[in-house]
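Engineer: Sequence first, predicted model second:
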Amino acid sequence: MNKKKLVRLINTLWFFLALLPALVVKAQNPLVTHRFTADPTARVFDGRLYVYPSTDIVPPEGIDAPRFCMPGYHIFSTENGASWKDHGQILDHNEVPWGKKNAYGMWAPDCIKRGDKYYYYYPAPPKDGSAFRRIGVGVSKSPGGPFKWEKNYIEGVQGIDPGLLLDGDSAYLYYGGGEELFVAPLKDNMKEIAAEPIKVNALPSGYKEGSFVFKRNELYYFTFAHVFPDEGYTIAYATSTNPMGPYTYRGKIMDNISNGTNHHSIVKYKDQWILFYHWWDISGFNKLRSMRADYIHFKEDGTIKKVKPTLRGIGTPGLGDTLQIDRYSSIHLAETTFVSGNEPDGWMVHNTQPGGFVRFDRVNFGEGTASKITARMACGQRVGTFEVRLDNPKGKVIATFEVTHTGGWNHWKTITTDITEPVTGIHDLVVVFHSEWGLNKIVNLNWLLIED
Ligand code: FUB
């Protein structure tokens with residue numbers, strides 16, 4: 001596809017995505033669908049999960065952005081991992097006090113809390129031309145900003161992808177992109193380095209970026225994106241008992257998933273460890289990325305089990321949360337594709353065949369008060385049903401939908417039916433498709449909603 005066609009296609013997609021609610025969005029993977037988000041750095045502040053990503057956009061007319069087109073930063077947060085709040089844009093590239101104007105080069109950021117203040121670190125091209133990227137800092141009283149931006153970049157540091165670690169009273173800045181990655185201790189003011197940066201040792205050869213360090217059971221995990229020879233971008237890690245090293249290389253966390261770059265972060269939230277990364281789910285183009293998350297598990301000896309990316313992602317949606325059923329845990333005799341018609345917002349389940357099912361793990365029914373379930377569906381014929389079952393395709397039926405003609409396979413209607421008996425607690429939900437006459441296409445499903 002040539003560049004013009006691609007831009008036209010993406011602009012159309014973008015127009016539809018922009019129709020979605022701007023402030024609160026509900027999704028599994030990708031986590032948000034109303035804008036492109038890359039390089040997700042996740043942090044937990046006061047019990048709430050925040051993500052500090054960068055923003056990909058289609059280059060505006062006349063702008064040549066051969067690598068990425070990244071004009072600024074938004075912040076997102078969630079309570080349950082299913083509904084995300086967009087806190088809005090906190091910094092535009094033309095507001096960087098020391099930055100080059102109209103550079104569209106706001107790459108991967110990070111944010112960390114020290115005392116009662118939040119420090120936001122970001123790379124940008126400097127107007128003095130002294131480096132490819134310098135790293136700036138902003139300070140705020142709130143994790144969602146607004147931030148007061150420091151007038152100058154951090155002296156003595158050049159490179160991309162700042163990753164921060166606060167360990168007791170000591171703070172460290174990791175950064176870099178290339179054969180070498182670096183670490184420097186920060187002064188208490190969090191705005192200056194306290195000593196010359198050193199190279200992080202023991203890393204395998206090949207291009208590396210996206211340093212992210214966390215501590216678990218007294219072990220420091222230095223994780224990074226690594227272009228593995230003959231494979232492309234992977235996520236790898238090394239461990240040490242000291243934040244500055246020496247480190248021991250441990251292997252890969254994620255194999256190459258053809259996502260272009262693989263910037264990531266790892267946090268523990270509500271007793272579960274989560275890997276954040278990005279892919280190009282919405283655009284199909286590696287410079288318009290969307291952030292994702294999946295659970296990550298450790299072995300007894302502290303090493304990390306490789307993560308396989310899923311559509312279902314993280315979170316336990318509850319009553320009132322939209323269940324994007326097309327972001328399935330497993331699927332049988334059915335498929336997913338982009339929605340079209342009067343509801344072009346993401347994906348749908350389609351080609352639903354008799355005996356087919358789609359399973360969506362972890363739905364919290366709460367105290368047993370759920371009384372109705374709503375399905376957003378489209379259908380071009382009148383024969384068939386689908387059941388909502390608990391835990392497996394032969395599990396208890398809690399609701400049955402008669403398939404009705406909605407005006408066509410791309411014409412969407414919202415139909416509500418009763419939940420026939422009380423359900424409590426967390427269950428996997430399985431939608432099973434039926435048709436007595438062996439029709440091979442029963443219904444198109446966009447989302448489900450369970451309510452009191
Ligand atoms: O998003 C721009 C750059 O691509 C990031 O800074 C890198 O980590 C890579 O994801």
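Structural biologist: Looks like it arrived, so ask away.

Engineer: only C-alpha atoms for contact and neighbour calcs from this point on.
Structural biologist: Noted.

Engineer: what does stretch 406-420 rub up against?
Structural biologist: Under the contact criterion Cα atoms under 8 Å, 6 or more residues apart in numbering, stretch 406-420 has outside partners 339-343, 370-381, 398-401, 443-444.

Engineer: Check the gap between residue 56 and residue 186 for me.
Structural biologist: Counting by Cα to Cα, to the nearest Å, the separation of residue 56 from residue 186 is 30 Å.

Engineer: Filter the contacts of stretch 406-420 down to just the ones in strands.
Structural biologist: In strands, judged by DSSP state E, the following of these are found: 372-379, 398-401, 444.

Engineer: of those residues, buried ones?
Structural biologist: Neighbour-count burial within the ones in strands among the contacts of stretch 406-420 applies to 372-379, 398-401, 444; the criterion is 16 or more other Cα atoms under 10 Å.

Engineer: low-scoring stretches of this structure, by residue?
Structural biologist: The chain contains residues with pLDDT under 70 at 1-27, 344.

Engineer: domain assignment for it?
Structural biologist: The chain breaks down into these domains under automatic domain parsing: 27-295, 322-451.

Engineer: Which one of those lies nearest to residue 314?
Structural biologist: domain 27-295 (5.5 Å; Cα to Cα).

Engineer: do that closest one and the ligand meet at all?
Structural biologist: Yes: if you take Cα under 6 Å from any ligand atom as the test, domain 27-295 does meet the ligand, through 38-39, 107-108, 160-161, 209-210, 261-263.

Engineer: Can I have the buried ones of the residues you listed as a ChimeraX selection?
Structural biologist: Buried subset of these, written as a ChimeraX selection, criterion 16+ other Cα under 10 Å:
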select :38,39,107,108,160,161,209,210,261,262,263
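
Engineer: With distance to residue 390 and secondary structure as extra columns, can I get the residues of domain 27-295 next to the ligand in JSON lines?
Structural biologist: Below are the residues of domain 27-295 next to the ligand laid out as JSON lines (distance: Cα to Cα, whole Å; DSSP: H, G, I helix; E, B strand; the rest coil):
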{"residue": "38", "distance to residue 390": "35", "secondary structure": "strand"}
{"residue": "39", "distance to residue 390": "36", "secondary structure": "strand"}
{"residue": "107", "distance to residue 390": "43", "secondary structure": "coil"}
{"residue": "108", "distance to residue 390": "41", "secondary structure": "coil"}
{"residue": "160", "distance to residue 390": "47", "secondary structure": "coil"}
{"residue": "161", "distance to residue 390": "44", "secondary structure": "coil"}
{"residue": "209", "distance to residue 390": "43", "secondary structure": "strand"}
{"residue": "210", "distance to residue 390": "40", "secondary structure": "strand"}
{"residue": "261", "distance to residue 390": "38", "secondary structure": "coil"}
{"residue": "262", "distance to residue 390": "36", "secondary structure": "coil"}
{"residue": "263", "distance to residue 390": "36", "secondary structure": "coil"}
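
Engineer: Mind jotting down where the helices sit in the stretch 301-450 of the chain?
Structural biologist: Assigned helices in the stretch 301-450 of the chain: none (criterion: DSSP state H, counting those that start in this stretch).

Engineer: hang on, isn't residue 298 packed against residue 305?
Structural biologist: Yes: counting by Cα atoms under 8 Å, residue 298 sits close enough to residue 305 to count as a contact (5.7 Å).

Engineer: Give the closest residue to residue 377 in space, chain neighbours not counted.
Structural biologist: Once flanking residues are discounted, residue 377 sits nearest to residue 445: 4.6 Å by Cα to Cα, 6 or more residues apart in numbering.

Engineer: Same check on residue 65?
Structural biologist: Closest to residue 65 by Cα to Cα, 6+ apart is residue 59, at 6.5 Å.

Engineer: Can you check my assumption that the one you found lies in a helix?
Structural biologist: No: applying DSSP: H, G, I helix; E, B strand; the rest coil, one finds residue 59 to be coil, outside a helix.

Engineer: Could you report the neighbour count for it?
Structural biologist: 16 (other Cα atoms under 10 Å).

Engineer: For the stretch 251-400 of the chain, what lies in contact range of the ligand?
Structural biologist: Near the ligand, when you scan the stretch 251-400 of the chain using Cα under 6 Å from any ligand atom, you find 261-263.

Engineer: what do you get if the cut-off is 5 Å, keeping everything else the same?
Structural biologist: Neighbours of the ligand within the stretch 251-400 of the chain, by Cα under 5 Å from any ligand atom: 261, 263.

Engineer: can you map out the strands along the stretch 251-400 of the chain?
Structural biologist: Secondary structure of the stretch 251-400 of the chain (DSSP state E, counting those that start in this stretch): strands at 265-269, 272-279, 290-295, 322-323, 330-332, 335-338, 347-350, 357-364, 372-379, 385-390, 397-402.

Engineer: Provide the strand pairings for the shortest one, with the direction of each partner.
Structural biologist: Pointing back at strand 322-323 there. Paired strands of strand 322-323, with direction, are strand 444-451 (antiparallel) (DSSP bridges).

Engineer: How far away from the center of its chain is the strand it pairs with?
Structural biologist: 22 Å (Cα atoms, centre = their mean, to the nearest Å).

Engineer: Give me the contacts around it.
Structural biologist: By Cα under 8 Å, 6+ apart, strand 444-451 touches 318-326, 339, 347-352, 370-379, 409.

Engineer: quick one: residue 343 and the ligand, what's the gap?
Structural biologist: Residue 343 is 30 Å from the ligand, where distance means Cα to the nearest ligand atom, to the nearest Å.

Engineer: And for residue 414?
Structural biologist: For residue 414 relative to the ligand (Cα to the nearest ligand atom), the value is 38 Å.
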